[in-house]
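K.L.:
after the sequence you'll find the predicted model.
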Amino acid sequence: MSELDALRVRDEILQAMYWMRSEGLADNATTASIASFLAVPTQSLTPYLERFTAEGLLVSSAAGFALSERGVEAGKRSFADEFADLTRPTHGECDADCWCHSSPEEAGRCLDERVGHVH
């Protein structure tokens with residue numbers, strides 16, 4: 001396995017496991033469930049899962065694999081980077097620092113202003 005392949009597969013696995021964990025789908029994932037999620041052959045993941053366990057990103061148990069604390073942080077960062085374009089505010093959409101978050105009334109006023117704004 002090349003180092004470039006290991007980095008690419010690491011990001012894919014950690015992102016998938018982070019998402020599954022965050023959505024409450026699975027804290028522990030089997031090789032088969034990860035392979036199914038990523039649409040790759042099960043046997044192709046085994047050496048990577050073993051490597052990432054040895055590197056401390058995953059924890060292996062009878063139930064499958066779980067993200068270690070380090071794995072959670074790496075998965076979270078990779079997931080955020082991968083989907084940054086989809087999760088950031090769009091033009092005309094307020095962000096987490098918007099003044100409208102101070103009260104329901106302010107939220108309504110902000111929405112009215114944004115809906116009434118014509119480009």
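P.N.:
Noted; the coordinates are in hand.
K.L.:
contact partners for the residue positioned nearest the centre of the chain?
P.N.:
The residue lying closest to the centre of the chain (C-alpha atoms, centre = their mean) is Phe79, at 3.3 Å. Residues in contact with Phe79, defined by C-beta atoms under 8 Å, 6 or more residues apart in numbering, are 14-15, 18-19. C-beta: built from backbone N, CA, C; applies to glycine.
K.L.:
could you dump these to JSON lines with pLDDT?
P.N.:
Shown next, in JSON lines, are these (pLDDT from 0 to 100):
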{"residue": "Leu14", "pLDDT": "93"}
{"residue": "Gln15", "pLDDT": "90"}
{"residue": "Tyr18", "pLDDT": "90"}
{"residue": "Trp19", "pLDDT": "88"}
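K.L.:
most neighbours, which of those?
P.N.:
Of all the contacts of Phe79, the highest neighbour tally under other C-beta atoms under 10 Å goes to Leu14, namely 24 neighbours.
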